[in-house]
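Chemist: Structure, please.
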Amino acid sequence: MELDIEWVRAQFPAFAESSLRGQAFFENAGGSYTCAPVIDRLTRFYRSRKVQPYAPYEASRLAGEEMDEARARLAAMLGVETDELSFGPSTTQNTYVLAQAFRQWMKPGEAIVVTNQDHEANTGPWRRLADEGIEIREWRIDPETGHLDPADLENLLDEKVRLVCFPHCSNVVGEINDVAAICAIAQSAGAFTCVDGVSYAPHGCPNVGRLGADIYLFSAYKTYGPHQGIMVIRRALGEALPNQGHYFNAGTLYKRFTPAGPDHAQVAASAGIADYWDALYAHHIGGEAAPAARAEAVHDLMRGHEMRLLQPLLDFVSAKNSVRLLGPARAAGRAPTVALALRGPAEPVAAMLAESGIMAGGGDFYAVRALQAQGVDPDQGVLRLSFVHYTTAEEVDRLMDALDQHL
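Modeler: Numbers count the residues shown, from 1 in each chain. Sure thing, here's the model as predicted:
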């Protein structure tokens, strides 16, 4: 089944915005356009629900119900229990709070495995625990391919390792890691897992329950929603870690790792992400299905469209001697986040592409360690071209024409 791209783009007000007309958006890895259901819910909340939630009066009751709806519907689509999902101001902040919980829970001499493929958000906070006597072991990528080899992880595991942190997909390498297999390896050695899904979730809602991750994090503003971090912590781990919230909230799992009060309006608006996924399912497939099954079908629909558009772009850049493609050259093994190392600084090329109506970025994208590990100077950076399911084949053609002109 092919994606109805005209219907999809009609769900995003940005495509009807006059100031964006004629612009092809290829910086989706930095944040996606927001879908109409999220905007509608956010506007309604600010207009008629902007009160302290969970009080008995009507506006407050409705505000609380909408916040609860967002948590319940998103958790169901992710294949986890409602109270295993919590919201925070960003994925970086959520990870930092988790790191503080592990700092209290672990003993000096115990170990955490991190990678040099990650965005800094899922490696920096954990590395800082070395100051508390925690051993940090680095699972390193292949310097030529950027690949994380699970066999290398097995060599790092022993009875001291309590946590393995890795990305579902790197924001510069693009390769999709086998989360289920990696989690199984780590857990068989007695370790928990923390998966950064920020760069993967925009390309299809993952079934976290099936993947087996103990912690899974992603950003709502990259999955067509507001600027919130979404965090899944499975119950066994969440109840074992020390409470980081107010002491009287310790008995509520989704409040244990949110020391600050959540942004009520943005939490409520996040239910619009579920609205959009459900509308995609209804328009393309239809019929009765459980939330996780609907999300899985939409995931496959999105990925199928993206792979059809991605392979021609990968073939195009792979044939150019003037650039180096980071990560796999086959669409089936990667997300449509394409980082190119050039012969000079990347930002000026991104500026030239903007003159051709191509919105893209140049820089290190907070993946300094991953770039250095592959021999790329972070000061030069990479040109990153990232798209999602609402991108059209015509826009990819325009991108390749512009690259031909400016590289």
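
Chemist: Leaving out chain neighbours, which residue sits closest to Arg256?
Modeler: Once flanking residues are discounted, Arg256 sits nearest to Asn243: 4.8 Å by C-beta to C-beta, 6 or more residues apart in numbering. Backbone N, C-alpha and C define where each C-beta goes, glycine included.

Chemist: wait, what's in contact with the one you found?
Modeler: Residues in contact with Asn243 (C-beta atoms under 8 Å, 6 or more residues apart in numbering) are Asn249, Ala250, Arg256.

Chemist: Now tabulate those residues in CSV and tack on neighbour count and secondary structure.
Modeler: Shown next, in CSV, are the contacts of Asn243 (neighbours: other C-beta atoms under 10 Å; DSSP: H, G, I helix; E, B strand; the rest coil):
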residue, neighbour count, secondary structure
Asn249, 15, helix
Ala250, 14, coil
Arg256, 23, coil
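
Chemist: Go through these and say which is closest to Ala220.
Modeler: Arg256 (19.9 Å; C-beta to C-beta).

Chemist: Next up, the contacts around that closest one.
Modeler: Counting by C-beta under 8 Å, 6+ apart, Arg256 has contacts Ser86, Gly238, Leu241, Asn243, Gln244, Gly245, Asn249, Ala250.

Chemist: Mind picking the one among these that's closest to Arg330?
Modeler: Arg330 lies nearest to Ser86 out of the contacts of Arg256, by C-beta to C-beta, at 35.9 Å.

Chemist: related to what we said a few turns ago, how much space separates the residue nearest to Arg256 from Ile273?
Modeler: Remark: distance between Asn243 and Ile273 (C-beta to C-beta, to the nearest Å) = 28 Å.

Chemist: re earlier: in strands, which of the contacts of Arg256 fall?
Modeler: Taking DSSP state E, the ones among the contacts of Arg256 that sit in strands are Ser86.

Chemist: Output the contacts of Arg256 as JSON lines; include the columns pLDDT and distance to Ala295.
Modeler: Converted to JSON lines, those look like this (pLDDT from 0 to 100; distance: C-beta to C-beta, whole Å):
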{"residue": "Ser86", "pLDDT": "97", "distance to Ala295": "19"}
{"residue": "Gly238", "pLDDT": "98", "distance to Ala295": "22"}
{"residue": "Leu241", "pLDDT": "98", "distance to Ala295": "27"}
{"residue": "Asn243", "pLDDT": "98", "distance to Ala295": "30"}
{"residue": "Gln244", "pLDDT": "97", "distance to Ala295": "29"}
{"residue": "Gly245", "pLDDT": "96", "distance to Ala295": "28"}
{"residue": "Asn249", "pLDDT": "95", "distance to Ala295": "29"}
{"residue": "Ala250", "pLDDT": "96", "distance to Ala295": "31"}
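
Chemist: Now the contacts of Arg256 in a markdown table, please, with extra columns for distance to Ala186.
Modeler: Output for the contacts of Arg256, formatted as a markdown table (distance: C-beta to C-beta, whole Å):
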| residue | distance to Ala186 |
| --- | --- |
| Ser86 | 22 |
| Gly238 | 17 |
| Leu241 | 17 |
| Asn243 | 24 |
| Gln244 | 23 |
| Gly245 | 27 |
| Asn249 | 29 |
| Ala250 | 27 |
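
Chemist: Put the alpha carbons of stretch 109-127 into CSV.
Modeler: These are the backbone C-alpha positions of stretch 109-127, laid out as CSV (Å, rounded to 0.1, in the frame of the first residue of the first chain):
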residue,chain,number,x,y,z
GLY,A,109,33.0,0.1,40.6
GLU,A,110,29.9,-0.9,38.8
ALA,A,111,29.7,0.0,35.1
ILE,A,112,27.7,1.6,32.4
VAL,A,113,28.2,1.0,28.7
VAL,A,114,27.8,4.0,26.4
THR,A,115,28.5,4.4,22.6
ASN,A,116,30.3,6.9,20.5
GLN,A,117,27.4,6.7,17.9
ASP,A,118,25.0,8.6,20.1
HIS,A,119,23.8,12.2,20.1
GLU,A,120,25.3,13.7,23.2
ALA,A,121,22.0,13.5,25.1
ASN,A,122,22.3,9.8,25.6
THR,A,123,26.0,9.6,26.3
GLY,A,124,27.1,12.8,28.1
PRO,A,125,25.0,12.5,31.3
TRP,A,126,26.1,8.9,31.7
ARG,A,127,29.8,9.6,31.2
